[in-house]
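Asker: with the sequence up front, the predicted model follows.
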Amino acid sequence: MHRTITAVLLSALLAVPAGAQELDAPVRQGFGISFGIGNGSAALSCSGCSSERDNGLSGYLRLGGYVSPTLFVGGETNGWVKSEAGVDQQVGFLNAVTQWYPSVRNGLYLKGGLGFAHATASDGIDRISTSGIALTPGVGYDWRLTRRFSLRPYANYVRSFGAEAKLNGIGTDVTLNVDVFQLGLGFSWH
């Protein structure tokens with residue numbers, strides 16, 4: 001009887017560390033999806049000019065796949081919006097991204113991307129828009145809740161280059177670039 005009780009208790013004690021070890025081994029393979037929401041700080045700049053930074057709602061959506069447990073490749077869209085004093089502002093980015101984890105067991109990642117940017121501001125009468133090449137570095141941490149789901153605090157910086165401003169669809173020959181700094185919380189399935 002004592003052997004049976006000892007075996008059951010020993011099995012129960014050994015089962016807890018085995019479950020904990022299972023959680024320690026992250027699964028990063030196959031398809032991955034992540035989205036996040038938070039605050040964004042946006043600004044415009046041109047040759048010899050810049051605007052003050054403006055805070056608004058910001059977020060991202062990322063889809064792709066894990067090439068290895070330390071490398072993710074996919075597509076990402078980032079957005080920023082604000083409406084104030086009758087002016088609606090929107091900024092959007094579409095990028096091809098790679099996300100690199102320096103360690104298989106650690107959730108820290110570094111991200112880089114290249115793609116396309118578009119921004120608009122409209123007061124209902126006039127509309128200013130700009131489009132150009134986009135670049136995005138970022139950093140974050142996958143705080144795992146299960147082997148395949150993580151909460152993800154993140155910071156992204158997204159910027160356009162060589163973007164021409166248009167007023168009501170007509171080119172102005174003025175380069176007007178936009179950049180957005182994002183801080184938020186994401187949700188990731190991997």
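Answerer: Arrived safely.

Asker: count of neighbours near the closest residue to F35 other than its chain neighbours?
Answerer: In space, and not counting its chain neighbours, F35 is closest to L61: 4.7 Å by Cβ to Cβ, 6 or more residues apart in numbering. From N, CA and C alone the C-beta is placed, and that goes for glycine too. Neighbourhood size, L61 [other Cβ atoms under 10 Å]: 14.

Asker: do G124 as well
Answerer: G124, neighbours per other Cβ under 10 Å, totals 8.

Asker: what residue is smack in the middle of the chain?
Answerer: Y60 (4.9 Å; Cα atoms, centre = their mean).

Asker: which is the next helix or strand following the host helix or strand of the residue nearest to F35?
Answerer: For L61, the host element (DSSP states H and E) is strand 54-68. Note on strand 54-68: by DSSP H and E, the next helix or strand toward the C-terminus is strand 71-84.

Asker: and V174, backbone torsions?
Answerer: phi -110, psi 130 (degrees, to the nearest 10).

Asker: surely it and C46 touch.
Answerer: Yes. Using Cβ atoms under 8 Å, V174 makes contact with C46 at a distance of 5.8 Å.

Asker: shared neighbours, those two?
Answerer: A165 (Cβ atoms under 8 Å, 6 or more residues apart in numbering).

Asker: what is the burial count for V178?
Answerer: 27.

Asker: need the contact list for it.
Answerer: Per Cβ under 8 Å, 6+ apart, neighbours of V178: 42-45, 91, 117, 119, 130, 159-160, 163.

Asker: and C46, what does it touch?
Answerer: 165, 174-177.

Asker: for G113, state which of those residues is nearest.
Answerer: Distance to G113, by Cβ to Cβ, is smallest for N177 among the contacts of C46, at 16.4 Å.

Asker: hmm, who's touching stretch 165-175?
Answerer: Residues outside stretch 165-175 that contact it (Cβ under 8 Å, 6+ apart) are 46-47, 126-130, 162-164, 176.

Asker: need the buried ones from those residues selected in ChimeraX.
Answerer: Those of the contacts of stretch 165-175 that count as buried under 16 or more other Cβ atoms under 10 Å are selected in ChimeraX with:
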select :128,129,130,163,176
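
Asker: out of the contacts of stretch 165-175, which one has the weakest pLDDT?
Answerer: Here the lowest pLDDT out of those sits on S47, with 74.

Asker: OK, contacts around that residue?
Answerer: 174-175.

Asker: just the strands in the protein please.
Answerer: 30-46, 49-50, 54-68, 71-84, 87-100, 108-122, 127-141, 143-144, 149-167, 170-175, 177-189 (DSSP state E).
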